[in-house]
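Q: Got a sequence here, can you model it:
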Amino acid sequence: MTGTGEATASHPRPVRILHLEDSRVDHALVKFALQRSQLPNEITLVDTMEDFRRELQSGRHEIVLADYHLPGFTGLDAWDAACKLGIQIPFVILSGAIGETAAVDAMHRGVSDYLLKDSMHRLAHVVQRALEISDARRAKARADAELAESRQRLAELAEHLQTSIEQERADIAREIHDDIGGALAAVKLDLAWVGRRANDSEMQRHVNTALDMVQHALGASQRIMMNLRPPILDQGLVAAVVWLAQNFERRTGLRVHVRRTAERIEVPRDVQLVAYRTAQEAMTNVAKHAQGASHVEIDLNDGEGVLTLEVSDNGPGLDASALRKDKSFGLLGLRERAAKVGGWLDVSSSSRGTSVILSVPLPSGDTLPPPAEHKEAHDQGDFV
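A: Numbering: from 1, shown residues only. Prediction:
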């Protein structure tokens, strides 16, 4: 049974309503209430669960009005059937005597609204409100899905860029070692040869000056290469972090203490790189922002199947706004790195100092990759 209302300027098309009701009198009352409110509609009446499911699956209807007491089932049974079919549609319970407990239960289970049949004059308002809420929820769901997709694309782009950066760093480090480092080492040997054979004191002085400059260039090349892609990473995470701490201590004069649960902590290579870059960035931030700090503590722990790296200083700390500022790309990049290996990054700061904590769940021991063999390709001895 179908009734059609007239469209108006404010309602350009009728609302398609599926009415689950076993009483023809109550159905007529619903049609009259909708007609009186001048809500244009196309209403279809069904009174069995089989017909209800068939009409629901047709996709023709925008909202369901359901009696609560029906022969052999209830309006909530119909709502459950719609949920099992995966059909999200505004659902309003109409009843002559629905109890408060049943009404609360219906709302908790996701029903849009309920209306007593002696308040039928409010039916159009309830229908319109349910449709508006449903439209808002669908819009939010679409926006959430688009946002999640956008975030996923950005995360994939960040991962691609980071992988490209690391590869580029390794390539540049290799070129510095093989080309620039090799050329400088050869020049140094030739200058030393000339110096040993130079009889003129002025020539000897120039040769010595040139040797000093070459040695300086060799040192600079080595530092650049080690910052780009430290070969010590091939010796494991602990060795790499200790080397990083020692260099930071020499460069800044701050005392750095490294605590670790073992001299060698086996972690996947991607986790190793994330932990190393986190320690590197955290110590860079100490040098930039922790004026007045006197020491840095680094804690490496792989207990309970989680790798934890904590870098703490005793500086004056950072305020909350500094931690949340839009251009904190260093911390943002660290968080992205941590997320890509299934971990997370926490930053806390107070007047007693700042701590950067990386946590990454580790795979079981039998799934860890074999430890990397020690490589000599970039041994600093090649530069001297």
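
Q: any chance you could map the strands in the stretch 151-300 of the chain?
A: In the stretch 151-300 of the chain, the strands defined using DSSP state E, counting those that start in this stretch lie at 255-260, 295-301.

Q: And for the shortest one, what's in contact with it?
A: Judged by Cβ atoms under 8 Å, 6 or more residues apart in numbering, the contacts made with strand 255-260 from elsewhere in the structure are 238, 241-242, 245-246, 248-249, 283, 294-301. Every C-beta, even on glycine, is put in place using the N, C-alpha and C of the backbone.

Q: Nearest residue to the spatially most central residue of the chain in space, please, no chain neighbours.
A: Note on the chain: the residue nearest the mean C-alpha position is A339, at 5.9 Å, using Cα atoms, centre = their mean. Leaving aside its sequence neighbours, A339 sits nearest to A155 (Cβ to Cβ, 6 or more residues apart in numbering; 7.1 Å).

Q: what's near enough to touch the one you found?
A: Contacts of A155 by Cβ under 8 Å, 6+ apart are 336, 339-340.

Q: how about low-confidence regions in the stretch 51-200 of the chain?
A: Scanning the stretch 51-200 of the chain for pLDDT under 70 picks out the ranges 99, 162, 166.

Q: residue ranges of the helices in it, please?
A: For the stretch 51-200 of the chain, applying DSSP state H, counting those that start in this stretch gives helices covering 75-84, 100-108, 123-175, 182-197.

Q: One more: the stretch 251-384 of the chain?
A: Secondary structure of the stretch 251-384 of the chain (DSSP H, counting those that start in this stretch): helices at 269-289, 320-324, 329-340.

Q: Between those helices, which one is closest to A66.
A: Judged by Cβ to Cβ, the one of these that comes nearest to A66 is helix 329-340, at 44.6 Å.

Q: for the record, mean pLDDT for the closest one?
A: Averaged across helix 329-340, pLDDT comes to 79.

Q: Report the buried residues of it.
A: For helix 329-340, a neighbour-count test (16 or more other Cβ atoms under 10 Å) marks 331, 333-338, 340 as buried.

Q: now for stretch 177-188, what's the gap between its first and last residues?
A: Start-to-end span of stretch 177-188 (Cα to Cα, to the nearest Å) is 15 Å.

Q: Of all the residues in it, which ones are buried?
A: Using 16+ other Cβ under 10 Å as the burial criterion, the residues of stretch 177-188 that qualify are 177, 180-181, 184-185, 187-188.

Q: Nearest to I87 among these?
A: H177 (64.0 Å).

Q: Pull out the buried residues from the contacts of strand 255-260.
A: Among these, the ones that count as buried by 16+ other Cβ under 10 Å are 238, 241-242, 245, 248-249, 283, 296-301.

Q: Tell me which two of these sit farthest apart.
A: E249 and N301 (21.1 Å).

Q: For L70, give me its contacts.
A: 20-22, 47, 78.

Q: Using CSV, lay out the strands of the stretch 151-300 of the chain together with distance to D105 and mean pLDDT.
A: Formatted as CSV, the strands of the stretch 151-300 of the chain follow (distance: least, Cβ to Cβ, whole Å; pLDDT from 0 to 100):
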stretch, distance to D105, mean pLDDT
strand 255-260, 56, 93
strand 295-301, 49, 93
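
Q: Among these, which comes closest to D346?
A: Set against D346 and scored by Cβ to Cβ, these come closest in strand 295-301, at 13.3 Å.
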